[in-house]
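Asks: give me a model of this one.
(one chain, ligands or ions: 1)
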Amino acid sequence: MAMLNMKQWLVGFGSLVKVVVFSCLWLQVSSLGSMSSIATSYGDKGSVFCGLKSDGSHTVTCYGMNSAIIYGTPTHFPFLGLTGGDGFVCGLLMSSSQPYCWGSSGHVEMGVPQPMVKGAQYLEISAGDYHVCGLRKPLTGRHRNTSLVDCWGYNMTNNYVFDGQVQSISAGSQFNCGLFSQNRTVFCWGDESSSPVIDMIPHGTRFQKISAGGLLDMGEEVSISLRQGQGNNVDMAPTDPMLSVVGGKFHACGIKSYDHGVVCWGYSFKAGTPVPRGIKVFVVSAGNYFTCGILVEKSLVPVCWGVGFPSSLPLPASPRMCRSTPCPPSYYETPQNGLCKSPGSHVCMPCSPSCPPEMYQRSGCNLKSDILCEYNCSICSSPECLSNCSSSNDAASGKKSERFWSMQLPVVIAEIAFAVFLVSIVPDLEEFKIRRAQMFPYEELERATSGFKEESIVGKGSFSCVFKGVLKDGTVVAVKRAIMSPNVQKNSKEFHTELDLLSRLNHAHLLNLLGYCEEGGERLLVYEYMAHGSLHQHLHGNKVMKEQLDWVRRVTIAVQAARGIEYLHGYACPPVIHRDIKSSNILIDEEHNARVADFGLSLLGPADSSSPLAELPAGTLGYLDPEYYRLHYLTTKSDVYSFGVLLLEILSGRKAIDMQYEEGNIVQWAVPLIKSGDIDAILDPVLKPPPDLDALRRIANVACKSVRMRGKDRPSMDKVTTVLERALAQLMGSPCIEQPILPTEVVLGSNRLHKKSSQRSSNRSESTDVEDQRFEFRAPSWITFPSVTSSQRRSGSEADVEGKNIAEGRHNVGGGGDVLRSLEEEIGLASPQERLFLQHNF
Ligand SMILES: Nc1ncnc2c1ncn2[C@@H]1O[C@H](COP(=O)(O)OP(=O)(O)OP(=O)(O)O)[C@@H](O)[C@H]1O
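Replies: Numbers count the residues shown, from 1 in each chain. A predicted model of the protein is given here:
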């Protein structure tokens with residue numbers, strides 16, 4: 001019966017001039033917006049693919065072009081399922097069973113859409129182009145035959161009440177449909193533009209599942225008809241039984257039930273990428289003109305086809321959602337070891353509704369397995385069937401069913417293999433985290449960079465040249481080659497101890513050191529390659545580059561960098577003081593995440609003890625903490641000062657020192673303006689100010705505090721991070737600014753694994769400012785650190801802060817405090833004219 005309806009749709013679709021509706025009703029959900037383990041977003045701002053991670057954590061990962069979605073992805077919220085619309089993605093939060101949306105939409109509020117009925121909990125959500133709807137969990141008692149659906153967004157914001165139990169809903173582009181569980185009939189609703197869909201509802205037809213797609217309006221209809229005349233195709237719907245069907249704007253794709261193969265029909269663009277040949281998928285999701293699916297393979301990687309699909313490094317995604325309740329009828333439970341983290345949860349696969357032609361059903365669907373099919377030798381006509389039936393003994397009949405299961409089994413095998421793969425990969429990753437940087441032979445790095453040729457150079461620093469290279473295994477790396485002075489003799493032991501520290505620091509927003517080479521006079525460091533260069537290149541590049549960094553991107557980068565520095569200060573033991581925070585040391589990776597680079601890299605400068613640099617503070621003019629360069633006190637607050645300068649740079653688009661302005665020092669220029677409340681005056685003129693300046697005002701204020709003269713008056717890095725996170729939440733329109741769950745989580749790949757220690761560090765900073773500063777008096781430029789494992793570092797950091805280091809810190813503060821007092825008047829900002837022996841690259 002469902003097939004009949006597909007044909008009705010198909011006939012309509014075949015005659016585009018008359019038909020203004022594209023809707024399809026089929027066996028299983030997952031479409032333009034239906035909830036699934038994967039979701040796609042589309043629209044003017046670019047397409048995005050999001051999927052629940054394949055590690056069973058239910059957290060989400062996204063890739064694609066729309067920066068508001070990419071930067072807004074809440075990486076630490078576990079979701080029950082995902083759905084995508086035009087420019088946004090929503091997930092159903094596992095914790096509250098409420099929708100949570102990210103990206104941007106002029107119609108749906110991001111975060112938890114508002115207004116939200118207090119305590120409302122949802123079974124399923126589904127997004128259309130500009131709206132999202134949620135089916136509330138079933139009511140009980142005398143209202144049990146009533147269902148509630150809440151929608152938010154364009155022309156849809158309302159609480160809908162339906163008589164009867166609704167099993168599931170699916171949002172089309174501008175309409176919605178629901179499926180009643182008792183009589184399995186379909187109903188649809190929407191504004192006046194949905195009337196064609198509503199008129200076409202096949203009354204009396206019963207469905208297993210529903211999926212809604214696009215809606216053609218007249219304008220699109222005409223252009224489609226024209227393009228069709230230029231050689232594009234409208235394909236017919238297949239007759240194969242389907243496990244799942246999804247609808248895009250003008251096309252549909254389905255997963256064939258007996259072999260998980262993909263078949264698409266409807267309108268296909270000639271220039272579009274066809275469905276990859278022979279692929280088998282677990283699940284599909286359609287954007288407007290494209291479709292993505294998760295391959296039935298151990299890798300679980302997504303693959304997309306069509307027009308304008310998100311292209312990037314595909315990340316594995318979960319084929320199904322983990323459910324806390326047992327599998328419902330007509331589903332079987334897969335071996336789930338490793339797929340679901342929480343005990344008692346289930347991964348359910350839909351049973352095939354029937355056997356393929358020429359086969360009969362030997363056993364039915366049960367909780368443990370799909371239906372079992374065997375060839376029916378009495379009706380054989382296909383070569384496959386005939387060859388299977390040519391032998392009639394029992395053994396052969398066993399083989400026959402094996403043949404069929406050779407089609408079905410990849411699914412099951414992939415799940416088992418996946419579980420095994422997960423078990424084996426976990427220790428590997430752990431090991432990776434604490435692995436020392438690898439030693440590379442000089443020849444290998446020379447080969448990787450084509451002989452350190454000029455064209456491979458991606459950047460230059462004061463003491464180094466950075467080359468792009470490709471290692472033997474294909475890894476793209478950045479090789480930093482120190483420009484060594486002939487009389488520099490580096491103590492090899494120190495070099496290794498340092499490398500040990502650097503290779504053990506591990507945070508999503510720190511640039512990873514992969515290896516090194518120390519041969520003859522050569523000192524080379526091998527890093528992950530950052531495809532988008534440095535923040536400096538973007539902020540001070542051409543207008544297009546500057547504009548690419550809109551406010552959300554800028555603030556996200558600030559939050560991510562802050563978190564990297566917070567990790568150095570709060571989690572490394574002893575705390576690592578970067579000493580050279582600046583925009584050229586904030587690198588941007590392929591997914592536009594910020595990474596703090598160059599920690600410890602002043603080490604590559606002239607470290608000869610006879611060199612004045614060894615005794616003088618290192619850093620970059622304009623970013624350098626006045627307390628540090630005047631008094632030679634190096635504390636974590638020195639990094640806070642530099643970070644404050646960086647924030648001013650991000651807000652204003654001005655360089656830290658820029659002599660083309662009357663007031664060349666950014667601090668001296670910006671701070672008085674911010675203090676006078678004239679925030680507008682400092683904002684980068686290249687960008688349109690956001691409608692509400694409050695978020696940027698918060699950032700400007702914390703920047704002012706960060707560049708205060710005395711370190712102890714500056715906030716600690718964790719406080720700065722919190723302010724930035726709140727500002728980002730505000731900028732992105734989140735309703736919960738004071739409880740910045742959103743911004744803490746929006747940071748892609750962020751790694752605040754140890755909340756408790758983070759809280760320890762904030763409590764510490766509240767208890768006493770003195771304790772918050774960890775002083776190192778006249779730190780040499782080559783600091784050695786004990787070799788510790790990450791867990792030792794974490795447990796050690798508490799002891800260090802409260803024990804020895806604090807004592808030393810107090811001592812130093814006591815000693816240094818007097819000096820501070822006496823020199824109070826003397827301390828001033830770094831003047832651009834001062835000739836310090838400092839590294840600088842302006
Ligand atoms: N891992 C990397 N991937 C891509 N580009 C990089 C990478 N590391 C550095 N670069 C580029 O090379 C430039 C120079 O980097 P480097 O760390 O040598 O110097 P710097 O920090 O800019 O200056 P200085 O050494 O004077 O502090 C960076 O600004 C950046 O543009």
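Asks: what comes up buried for stretch 272-282?
Replies: Neighbour counts over stretch 272-282 (16 or more other Cβ atoms under 10 Å) mark 272, 275, 280-282 as buried. No exception for glycine: its C-beta is placed from N, CA and C like everyone else's.
Asks: which ones among the residues you listed lie within strands?
Replies: 281-282 (DSSP state E).
Asks: can I get the buried residues of stretch 272-282 in JSON lines with distance to residue 66?
Replies: Formatted as JSON lines, the buried residues of stretch 272-282 follow (distance: Cβ to Cβ, whole Å):
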{"residue": "272", "distance to residue 66": "20"}
{"residue": "275", "distance to residue 66": "24"}
{"residue": "280", "distance to residue 66": "29"}
{"residue": "281", "distance to residue 66": "23"}
{"residue": "282", "distance to residue 66": "25"}
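Asks: so can I have JSON lines of the buried residues of stretch 272-282 showing pLDDT and distance to the ligand?
Replies: Formatted as JSON lines, those follow (pLDDT from 0 to 100; distance: Cβ to the nearest ligand atom, whole Å):
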{"residue": "272", "pLDDT": "81", "distance to the ligand": "34"}
{"residue": "275", "pLDDT": "89", "distance to the ligand": "36"}
{"residue": "280", "pLDDT": "87", "distance to the ligand": "38"}
{"residue": "281", "pLDDT": "87", "distance to the ligand": "35"}
{"residue": "282", "pLDDT": "85", "distance to the ligand": "35"}
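Asks: which one of the buried residues of stretch 272-282 is nearest residue 81?
Replies: Relative to residue 81, the closest of these is residue 282; by Cβ to Cβ it sits at 14.1 Å.
Asks: in three-state terms, label the nearest residue to the closest one once chain neighbours are set aside for me.
Replies: In space, and not counting its chain neighbours, residue 282 is closest to residue 319: 3.4 Å by Cβ to Cβ, 6 or more residues apart in numbering. Under the three-state scheme (DSSP: H, G, I helix; E, B strand; the rest coil), residue 319 adopts coil.
Asks: wait, residue 186 sits on residue 172?
Replies: No - the pair residue 186 / residue 172 is not scored as a contact, 11.9 Å apart, by Cβ atoms under 8 Å.
Asks: and those two? Which one has more around it.
Replies: residue 172 (30 against 21; other Cβ atoms under 10 Å).
Asks: so the more buried one touches residue 200, yeah?
Replies: No - if you go by Cβ under 8 Å, residue 172 and residue 200 don't touch, sitting 11.7 Å apart.
Asks: all strands of the stretch 451-600 of the chain, in order?
Replies: 457-460, 464-470, 476-482, 513-519, 522-528, 586-588, 594-596 (DSSP state E, counting those that start in this stretch).
Asks: so for the ligand, which of the ones you listed sits nearest?
Replies: strand 457-460 (1.9 Å; Cβ to the nearest ligand atom).
Asks: mind listing what the closest one pairs with, with the direction of each?
Replies: strand 464-470 (antiparallel) (DSSP bridges).
Asks: could you chop this protein up by domain?
Replies: 30-319, 324-382, 438-528, 549-575+609-732 (the TED database).
Asks: any idea how far the ligand is from residue 144?
Replies: 60 Å (Cβ to the nearest ligand atom, to the nearest Å).
Asks: enumerate every residue touching that residue.
Replies: With contacts defined as Cβ atoms under 8 Å, 6 or more residues apart in numbering, the neighbours of residue 144 are 138, 165.
Asks: mind pulling up the pLDDT for it?
Replies: We have a pLDDT of 83 for residue 144.
Asks: again, but for the one 10 residues further on
Replies: On pLDDT, residue 154 comes in at 87.
Asks: pretty sure it contacts residue 131?
Replies: Yes - assessed by Cβ under 8 Å, residue 154 is found in contact with residue 131 at 5.4 Å.
Asks: who has more neighbours out of those two?
Replies: residue 131 (27 against 18).
Asks: and the gap between the more buried one and residue 537?
Replies: Using Cβ to Cβ, to the nearest Å, residue 131 is found at 39 Å from residue 537.
Asks: ok, now residue 712?
Replies: From residue 712 to residue 537 the distance is 34 Å (Cβ to Cβ).
Asks: could you do residue 471 as well?
Replies: Distance from residue 471 to residue 537, by Cβ to Cβ: 24 Å.
Asks: what sits closest to the closest residue to the ligand within the stretch 551-700 of the chain if chain neighbours are left out?
Replies: Nearest residue of the stretch 551-700 of the chain to the ligand: residue 584, at 3.5 Å (Cβ to the nearest ligand atom). Once flanking residues are discounted, residue 584 sits nearest to residue 536: 3.9 Å by Cβ to Cβ, 6+ apart.
Asks: what's the average pLDDT for stretch 701-711?
Replies: 95.
Asks: with stretch 177-194 instead?
Replies: The model assigns stretch 177-194 a mean pLDDT of 82.
Asks: list the buried residues in that stretch.
Replies: 177-180, 185-190, 194.
Asks: those residues in strands, which ones?
Replies: 177-180, 186-190.
Asks: that older thread, wait, the residue nearest to residue 584 touches residue 587, no?
Replies: No - contact status for residue 536 versus residue 587: not in contact, 9.6 Å apart, counting by Cβ under 8 Å.
Asks: the more surrounded of the two?
Replies: Remark: of residue 536 and residue 587, residue 587 carries more neighbours, 26 against 21, as counted by other Cβ under 10 Å.
Asks: just checking, that one touches residue 595?
Replies: Yes - here residue 587 lies in contact with residue 595, judged by Cβ under 8 Å, at a distance of 4.9 Å.
Asks: now the common contact residues for those two.
Replies: Joint contacts of residue 587 and residue 595 (Cβ under 8 Å, 6+ apart) are 511, 530.
Asks: just the residues of the stretch 551-700 of the chain that are near the ligand, which are they?
Replies: Contact residues, the stretch 551-700 of the chain versus the ligand (Cβ under 6 Å from any ligand atom): 580, 584-585, 587, 597-598, 620.
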